[in-house]
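Student: From the sequence below, what's the structure:
(one chain, ligands or ions: 3)
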Amino acid sequence: MPLVNTKEMFEKAYEGGYAIGAFNCNNMEIVQAITEAAKECNSPVILQVSAGARKYAKPIYLKKLVEAAVKDTNIPIALHLDHGADFEICKECIDSGFTSVMIDASSKSFEENIALTRKVVEYAHAHVPYVTVEAELGTLAGIEDDVNVAHGSESYTRPEDVEEFVRRTGCDSLAIAIGTSHGAYKFKPEQCTVDPKTGVLIPPPLRFDILEEISKRLPGFPIVLHGSSSVNQEYVKIINNNGGSLKDAVGVPEEQLRKAARSSVCKINIDSDLRLAMTAGIREHLNKHPDHFDPRQYIGDGRNYVKEVVKHKILNVLGSNDKI
Ligand code: G3H
Ligand code: 13P
Ligand code: ZN
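Tutor: Ligands and ions are numbered 1, 2, ... in the order given. Okay, the predicted model is just below:
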């Protein structure tokens with residue numbers, strides 16, 4: 001099966017009340033862990049590549065790794081550009097065989113965002129085969145943004161903007177800001193409550209009211225959530241018990257993502273949780289075996305943990321298992 005775009009994936013996900021996992025990849029072990037987990041769960045998957053990943057691994061290596069995974073697993077895989085900053089990088093990826101791109105013009109004005117997104121859409125849709133385009137509206141709520149929101153800031157996506165934006169751009173999916181954010185430190189401790197039993201920080205809930213309003217205005221249209229790692233405390237503990245020092249790392253609770261996946265959210269982006277799993281596996285291995293120096297041994301353990309996380313997400317958060 002060749003690489004696919006996200007059109008059919010999202011149509012089925014919307015209808016079926018589940019979401020497709022979009023996992024960031026930077027090297028061979030991560031590509032293998034994601035696609036082997038998806039294969040074992042009979043799940044479609046999106047492999048996404050950031051500008052940082054392209055710089056780290058070189059685009060040609062990532063492209064070839066993904067091609068190998070497609071051949072090896074024979075499951076529906078979309079190769080997606082994550083956070084494309086301008087028309088040129090989107091064009092380069094489309095020309096080199098990506099099946100989906102994100103143009104992230106969310107930091108620009110509404111009109112500039114529309115104009116740039118429209119330009120990418122025209123290029124991507126004229127490509128044979130058709131390349132799907134994800135756009136973003138609203139600034140992803142980070143810690144500072146969230147504080148601003150309490151004072152009436154415009155960080156969350158404004159539901160009243162979405163119909164005009166989608167109509168004028170022709171984008172295929174829309175990333176929105178409802179309280180998620182990138183990285184392993186999504187909320188300040190003072191924004192959270194503390195679980196009295198475990199001492200673990202419990203973050204404020206996502207703004208499902210905004211999601212619902214947007215879904216009502218865009219019936220049948222796929223919504224994307226970025227910044228959706230849950231920062232599983234089990235892996236944070238392994239890292240910290242093996243020489244690491246991650247303090248107050250907190251993510252989006254999985255039940256909330258499961259709820260989102262049942263609604264119009266068809267794509268959920270996860271990167272930090274894979275980084276934590278890889279780091280936990282490597283730290284644990286090296287701490288247990290100080291005499292080991294074969295990278296296959298410790299990176300192999302990192303790969304096993306990443307695979308475990310991806311399977312867990314597919315089965316318990318995304319609900320995309322057995323959807324091929
Ligand atoms: O959205 C951000 C992703 O986690 C990618 O991060 O730019 O460090 O590769 P990166
Ligand atoms: P996390 O940092 O929450 O994993 O988000 C990743 C992401 O949104 C990539 O675009
Ligand atoms: Zn993102």
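Student: ok, and what's touching the longest strand seen in the chain?
Tutor: What stands out as the longest strand in the chain, according to DSSP state E, is strand 77-84. Contact with strand 77-84 is made by 3-6, 9, 22, 24, 35, 38, 44-51, 53, 63, 66, 69-70, 89-90, 93, 97-104, 120, 132, 134, 269, as judged by Cβ atoms under 8 Å, 6 or more residues apart in numbering. (Glycine included, C-beta is placed from N, CA and C.)
Student: Then stretch 197-215?
Tutor: Outside stretch 197-215, the residues within contact range by Cβ under 8 Å, 6+ apart are 146, 156-157, 159, 162, 174, 176, 178-180, 186-187, 189, 191-195, 221, 223, 233, 248, 250-253, 256, 259-260, 263-265.
Student: PyMOL command for the buried members of those residues?
Tutor: If you want just the buried ones from the contacts of stretch 197-215 in PyMOL, going by 16 or more other Cβ atoms under 10 Å, the selection is:
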select buried, resi 146+156+157+159+162+174+176+178+179+180+186+187+192+221+223+233+250+251+252+256+260+263+264+265
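Student: Strands - which of the contacts of stretch 197-215 land there?
Tutor: Leu174, Ile176, Thr193, Val194, Ile223, Val265.
Student: Now do the same for the closest residue to the fourth one other than its chain neighbours: its pLDDT.
Tutor: Excluding its sequence neighbours, the residue lying closest to Val194 (Cβ to Cβ, 6 or more residues apart in numbering) is Leu201, at 6.1 Å. You'll see Leu201 listed with a pLDDT of 87.
Student: for Val147, same thing?
Tutor: What the model reports as pLDDT for Val147 is 42.
Student: cool, and Lys197?
Tutor: At Lys197, the pLDDT recorded in the model is 88.
Student: Can you give me the distance of it to ligand 2?
Tutor: 25 Å (Cβ to the nearest ligand atom, to the nearest Å).
Student: was I right about Val133 contacting Thr117?
Tutor: Yes: counting by Cβ atoms under 8 Å, Thr117 is a contact partner of Val133 at 7.2 Å.
Student: How about the residues of the stretch 51-200 of the chain by ligand 1?
Tutor: Gly52, Ala53, Asp82, His83, His182 (Cβ under 6 Å from any ligand atom).
Student: follow-up on the earlier one: out of the ones in strands among the contacts of stretch 197-215, who's near ligand 2?
Tutor: Counting by Cβ under 6 Å from any ligand atom, no member of those is near ligand 2.
Student: what about the closest residue to Ala53 other than its chain neighbours, neighbour count?
Tutor: Using Cβ to Cβ, 6+ apart and skipping residues adjacent in sequence, the residue nearest Ala53 is Asn26, 4.6 Å away. Asn26 is flanked by 22 other residues according to other Cβ atoms under 10 Å.
Student: so Glu134, which of the three states?
Tutor: Of the three states, Glu134 takes strand under DSSP: H, G, I helix; E, B strand; the rest coil.
Student: Please name the residues that touch it.
Tutor: 6, 80, 100-103, 171-175, 224, 267.
Student: Also Glu67?
Tutor: Leu3.
Student: What pLDDT is listed against it?
Tutor: Value for Glu67, per-residue pLDDT: 98.
Student: re the thing from before, and the ones in strands among the contacts of stretch 197-215, which two are the farthest apart?
Tutor: Spatially, the most separated pair among the ones in strands among the contacts of stretch 197-215 is Leu174 and Val194, at 34.6 Å (Cβ to Cβ).
Student: ok, Pro203 to Asp195 distance?
Tutor: Between Pro203 and Asp195 the computed distance is 11 Å (Cβ to Cβ, to the nearest Å).
Student: That should have said Gly21, apologies.
Tutor: The value you get for Gly21 to Asp195, if Cβ to Cβ is used, is 27 Å.
Student: Gln32 now?
Tutor: Counting by Cβ to Cβ, the gap from Gln32 to Asp195 is 35 Å.
Student: now Asp82
Tutor: From Asp82 across to Asp195, the span is 32 Å (Cβ to Cβ).
Student: lowest average confidence, helix or strand, in this protein?
Tutor: Using mean pLDDT, DSSP states H and E, helix 143-150 stands out as the lowest-scoring helix or strand of the chain, at a mean of 41.
Student: Please, where are all the helices along this structure?
Tutor: In the chain, the helices defined using DSSP state H lie at 7-16, 28-41, 51-57, 59-73, 87-95, 110-126, 143-150, 159-169, 208-217, 233-241, 254-262, 272-288, 295-313.
Student: Tell me the buried residues in the first one?
Tutor: So the one you mean is helix 7-16. By neighbour count on 16+ other Cβ under 10 Å, the buried set for helix 7-16 is Lys7, Met9, Phe10, Lys12, Ala13, Tyr14.
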